[in-house]
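Engineer: just to be clear, the model below is a prediction. Sequence and coordinates:
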Amino acid sequence: MDKNTKLIQKTALPDALAALLPDYRVFAPAGENERLAFTRIDAQNAFALCLSGTPLMPPKELLFPRSETLYGTDIKTGDVSLPQTAGPTAVFGVRPCDAHGIANLDCAFLEKGYVDSAYAARREALTLIVLACAQIPYETCFCDSMGGGPAGSEGADVLLTETEDGSALVAAFLTGKGRAVKALWAAAGLLSDTGADATTKSANPAKAPPPCNLRISKDKGLAAKIAAAFDDPMWARFSEACLGCGTCSFVCPTCYCFDLDSENRGGTAEEFRCWDCCMFSDYSRMAGGHNPRPTKKERLRNRYLHKLAYFDERYGRTLCVGCGRCIGKCPAGLDIAAVIEWGGTL
Amino acid sequence: MAVDFEPKILAFCCNWCTYTGADLAGQSRMKYPENVRVVRVPCSGRVNPQFILRAFRRGADGVLVCGCHPGDCHYATGNYFTRRRFMLMRELLEFNGVDPGRFHARWISGSEAAKFRDTVSEVTRTVKALGPNERFQEASGEES
Amino acid sequence: MTNGQKQQLIRDRAAALLADGAVSCIVGWRQTRFAGKTAVCFVRAPEDATLLVWNEYTIPLTAKYLADERWTGGKAGILARGCDSKAINRLLRDNQLEREKLYIVGLPCEGKADERCRPCRQKTPLVYDELLWEEDSAADGGGTSAADADAPGRGRFFRADEVSALGIDARYDYWEDVYARCIRCYACRNACPVCSCRECYVDMHRAGFQSKRQNAADNRVFGVTRAFHVGDRCIECGECERVCPMGLPILGQTQKVIQTAEALAGAPYEAGLNAEDENFLGKFDLDDKDAFM
């Protein structure tokens, strides 16, 4: 039996989170309905841990906050202050698509000779405890068509998979960070052996994950095909109903565009960065007023091509992880899965 | 609330009436609280509701908008629009949890130096009693 | 008449209008691949008219697309319910549309599967070139019955009433909770049929009205500003709240503006009833209420 695969009872999960509190800032999905969010858990607050759904806002904001101060300068003295970095952080209950998304963000923020220090510090301190989907959370989910899957381990430090009877979780501690969690849970007496027979691999007690609700066929040559269709008239059709809002980008686990600005706040000049979105008109507007992406057609095309082609060209992986949030929340019914299918037929 | 709290009050004053009235108050050696910061505008109709929001957002404890008496507008009708706009704004601010004592509007003519002094004193007293404005401010530090 | 029969009428009429060249496209609704969700679509060929649907989920407004700055579609056929017709009136009043370029196919609507349709008083469109069917006054759809309108939390300003019932500190907390969850995606702005500026103030952040930071305070500035900008032209369709990805109850803001406009004018006030009336803040009365003496 693999010593890094253990069993943890579902009823022990509050204790499991409590066991992390002395060493980590702990976040877990809590809250009802539209309030379901990755919530800071501490010893004082009672929380309703949610295992059935996953928050609309992906955990990327733990690494890449909606807005953050990069540095401040005292206007009178010229003293520069840097924000404090939060210590070790563990996020529990991340779904495989979001962990995959974080692995994709790592490419953008840490690779190709460019390291974003703010992101890198948070990433270094972040432990991802991933919960495989025992139920598919959204009807728009299609991660298993995008190279991941409801039990995918990409990006995970710990992977929790429900057992056949649903009473416990099989915990696979996959990385050094994951084994640090294992040590805390073991010390709290929360882990037991899986009982699987090491000699016959067949007795893995973990339940096979269900398939996603939305199944599409993603062509192997998608990136090249869709990039070559830059001038295709279909982009006008896809964008026709688009309202030009930022919903798709802001609920996306892999959108990472930001804007930099500074503000005078009570005697301190603060340089900050905040989420931006390529669907907004001012995103690509240049000094002097020229906008190379003047209408929603160009903006939407850029968003989709970034997800499906440009990122692939640079990092060798598709940026879209198939979480389905943008499809579910688009007020105009736009559907990236339909674009992926179309791209494959080109 | 700190006992020595001195509120910051932003006053938008029409160039043609209240600003002149404030000038007259000064020339007449009238004393009024120095808590008020006057911003001269060409007409009270120039005052965009966003100015009010921005003032609160950036740390004002109270806001005052002053213009010509109805019927006396230098541009004939500007202050009639002001009246509608800020009668509505007042309600909307209160609906959003801003104490009505933090937002005031008054008609003060160029000859009403005493009214300017009394208005500023009254507004300062009211805002001082309410304490520092914490609304439209960030509740806590950002996540990092 | 059933929804299925109405849908057939729509498809037949759309195909005929496209076939004889009366319009270059029909703006209507199509079914998405997910049950209970439709989306606005543009049908340009008679044979594609079968894409059009009509059911309790054909909710999104069709009117705003015609005011798109890049609209070059020629004469457009637009499927319009009461709410769409109010939006068209408002856009005509603001010179955002030209009436000659519209062919309005009126569709009396009994309300959709959405609580925000409940207070709707405009089942039959106010402006149209043809009406595909007559309003079924017996149908108990989304419209408010007289008794219902007086029930607490069920009236025209149900969301504003909910907030107004709170004390001032609780009201502040109510909005703090809302704007702390807001992600400033601007879906509310973009879906709003009367939000028609070519360039929004939030996209001119150098002007300093609106910080791009996402936090409850700056989100709140956006929320109140938006209410002020569109409130007196609001046609009460509820799209802003419906499209909010975070499910935030933001309708109270614009409802409060309308409610206050009525109280100040001492008369009923509703935007979009015709294409002539000036909006509340675009005009004045010499004897308007005055608390600023």
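Structural biologist: Noted; the coordinates are in hand.

Engineer: what's the local residue count around residue C:101?
Structural biologist: 14 (other CB atoms under 10 Å in any protein chain shown). Placement of C-beta: from N, CA and C, glycine included.

Engineer: quick check: it touching residue C:78?
Structural biologist: No. At 10.1 Å, residue C:101 does not count as touching residue C:78 under the criterion of CB atoms under 8 Å.

Engineer: which residue does the stretch 151-293 of chain C bring closest to chain B?
Structural biologist: Nearest residue of the stretch 151-293 of chain C to chain B (CB to the nearest CB) works out as residue C:172 at 2.5 Å.

Engineer: who are the contact partners of that residue?
Structural biologist: For residue C:172, the contact set (CB atoms under 8 Å, 6 or more residues apart in numbering or on different chains) comprises B:96-98, B:135.

Engineer: so how far is residue A:51 from the closest residue to residue A:323 other than its chain neighbours?
Structural biologist: Setting aside the residues directly before and after it, residue A:323 is nearest to residue A:97 in space (CB to CB, 6 or more residues apart in numbering or on different chains), at 4.1 Å. Distance of residue A:97 to residue A:51, computed by CB to CB, to the nearest Å: 16 Å.

Engineer: picking up where we left off before, need the overlap of contacts for residue C:101 and residue C:78.
Structural biologist: With CB under 8 Å, 6+ apart as the test, residue C:101 and residue C:78 both reach residue C:66.

Engineer: may I ask which helix or strand encompasses the residue of chain B found nearest chain C?
Structural biologist: Using CB to the nearest CB, residue B:97 is the residue of chain B that sits closest to chain C, at 2.5 Å. Counting by DSSP states H and E, no helix or strand carries residue B:97.

Engineer: isn't it up against residue C:163?
Structural biologist: No. Judged on CB under 8 Å, residue B:97 makes no contact with residue C:163 at a distance of 9.3 Å.

Engineer: what sits in contact with each of these two?
Structural biologist: Residues touching both residue B:97 and residue C:163 (CB under 8 Å, 6+ apart): C:171, C:174-175.

Engineer: tally of neighbours for residue 117?
Structural biologist: As the question left the chain open, I've gone with chain A. For residue A:117, using other CB under 10 Å, the count is 10.

Engineer: my bad, chain C
Structural biologist: A count of nearby residues for residue C:117, using other CB under 10 Å, gives 23.

Engineer: quick one, helices of the stretch 151-293 of chain C?
Structural biologist: Ranges of helices in the stretch 151-293 of chain C, per DSSP state H, counting those that start in this stretch, are C:158-164, C:168-181, C:187-191, C:216-230, C:239-243, C:251-265.

Engineer: can you redo those helices as a markdown table with distance to residue A:102 and mean pLDDT?
Structural biologist: Listed next are the helices of the stretch 151-293 of chain C as a markdown table, based on distance: least, CB to CB, whole Å; pLDDT from 0 to 100:
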| stretch | distance to residue A:102 | mean pLDDT |
| --- | --- | --- |
| helix C:158-164 | 37 | 95 |
| helix C:168-181 | 22 | 95 |
| helix C:187-191 | 25 | 95 |
| helix C:216-230 | 25 | 95 |
| helix C:239-243 | 28 | 96 |
| helix C:251-265 | 35 | 96 |
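
Engineer: to residue B:122, which of those lies closest?
Structural biologist: helix C:168-181 (20.6 Å; CB to CB).

Engineer: buried residues, the closest one. List them.
Structural biologist: Within helix C:168-181, the residues scored as buried using 16 or more other CB atoms under 10 Å in any protein chain shown are C:171-172, C:174-176, C:178-179, C:181.

Engineer: next one: stretch A:29-42
Structural biologist: By 16+ other CB under 10 Å, the buried positions in stretch A:29-42 come out as A:29-31, A:36-39, A:41.

Engineer: try stretch B:92-106
Structural biologist: Going by 16+ other CB under 10 Å, stretch B:92-106 has these buried residues: B:92-99, B:102-106.

Engineer: among those residues, which one sits closest to residue A:312?
Structural biologist: The closest of these, once distances to residue A:312 are taken by CB to CB, is residue B:96, at 46.1 Å.

Engineer: which ones among the buried residues of stretch B:92-106 lie within strands?
Structural biologist: Filtering the buried residues of stretch B:92-106 for membership in strands, criterion DSSP state E, returns B:103-106.

Engineer: return only those of the residues you listed found close to chain C.
Structural biologist: B:105-106 (CB under 8 Å from any CB of the partner chain).

Engineer: show me the two of the ones in strands among the buried residues of stretch B:92-106 that sit farthest apart.
Structural biologist: Across these (CB to CB), the longest gap, 11.4 Å, separates B:103 and B:106.
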